[in-house]
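Enquirer: Got a predicted model here, sequence first, then my questions.
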Amino acid sequence: MSDRNDKAVKAVALTAATLALLGGVAGCGESKATPMDDQYSGNSGETQQSQEEQSQSSGDAGASDDSSSSDAASGKDTGNYKDGTYSVNGQYGPVGEDSIDVHFTIKDQNIETVEVIGHPFTQISKQHQTDFANAINGVVDGKPLKGLKVDKVAGASWTSDAFNKALDVVRQQASVQ
C-alpha cells in the first residue's frame, strides 16, 4: 500500500471513529433540563444521569414551598401553577458541554423574574450565554407561564432551546390541581 493510500485509510478510520463516538452520545445536540435542589447547585460536575436520578427521587425538588403535589411528582403540567422559586439546570451543545442554571420566580401564574447563570465551555458560548442572560428578562418577565416558549433570544439559539426545556420542567414542578 502506498504512503498516500495509507494516510487516506487512516483519515477515514479516524473520521469513522469520531462519528461513532458522537453518535453514541445519547441525545447528541439535544437540550436537556433537570430540576436543581437549590439555588446554589450550579454546574457541580455531576453527571446528567446523577442529576436526573436525584430529581426523580426528590419529587418536587427546586420549589421553595415545602408543600408537595402529586402532579408535580408525576411530572404532569396541569396549567395551574403554585407561586414559588424554582431552579433548573439546562444542558446543551453538540455533546452537552454547555449548561445554564435558570432560577424562576412564579407569582399569580406568571413569571415574575428569571435569573440565568451560564456555565460555558468556550468563549463563544460565554458570549452567547451573557447576551441571553442580559436579554431574557425583557422577553419573559410578567408573561404567563402556561404555554410560554421563547424564540432565539439575543442570537443564542442553543441557549434558547435549553431555556425552553427549563420552562417545561418548571411547569411540571409548579403544577397543582
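Expert: Looks like it came in fine. Numbers count the residues shown, from 1 in each chain.
Enquirer: use CA for all of it now, contacts and neighbours both
Expert: Will do.
Enquirer: Could you list every helix and strand in contact with the helix or strand harbouring Ile117?
Expert: With elements taken from DSSP states H and E, the one containing Ile117 is strand 110-119. Here strand 110-119 touches strand 98-107, helix 123-140, going by 3 or more Cα pairs under 8 Å, 6 or more residues apart in numbering; DSSP states H and E.
Enquirer: which residues touch it?
Expert: Contacts with strand 110-119, where a contact means Cα atoms under 8 Å, 6 or more residues apart in numbering, come from 43, 98-106, 126, 129-130, 133, 136-137, 140-145.
Enquirer: Would you reformat the helices and strands packed on strand 110-119 as JSON lines and include mean pLDDT?
Expert: Listed next are the helices and strands packed on strand 110-119 as JSON lines, based on pLDDT from 0 to 100:
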{"stretch": "strand 98-107", "mean pLDDT": "97"}
{"stretch": "helix 123-140", "mean pLDDT": "96"}
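Enquirer: Minimum distance to Val170: which of the ones you listed has it?
Expert: Comparison of these against Val170 by Cα to Cα identifies strand 98-107 as nearest, at 7.9 Å.
Enquirer: what's in contact with that closest one?
Expert: By Cα under 8 Å, 6+ apart, strand 98-107 touches 39, 42-43, 81-92, 111-121, 125, 129, 145, 159, 162-163, 166, 170.
Enquirer: I figured Val170 hits Val88, correct?
Expert: Yes. Counting by Cα atoms under 8 Å, Val170 does reach Val88; the two are 7.3 Å apart.
Enquirer: got the CA coordinates for the strand holding Ile117 in CSV?
Expert: The C-alpha coordinates for strand 110-119 follow below in CSV (Å, rounded to 0.1, in the frame of the first residue of the first chain):
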residue,chain,number,x,y,z
ASN,A,110,-46.8,34.4,35.7
ILE,A,111,-43.1,34.6,35.6
GLU,A,112,-42.2,37.4,37.9
THR,A,113,-38.4,37.2,37.5
VAL,A,114,-35.8,35.0,35.9
GLU,A,115,-32.0,34.7,36.6
VAL,A,116,-29.8,32.9,34.2
ILE,A,117,-26.3,31.8,35.3
GLY,A,118,-24.1,30.4,32.5
HIS,A,119,-21.5,27.7,32.6
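Enquirer: All set now, cheers.
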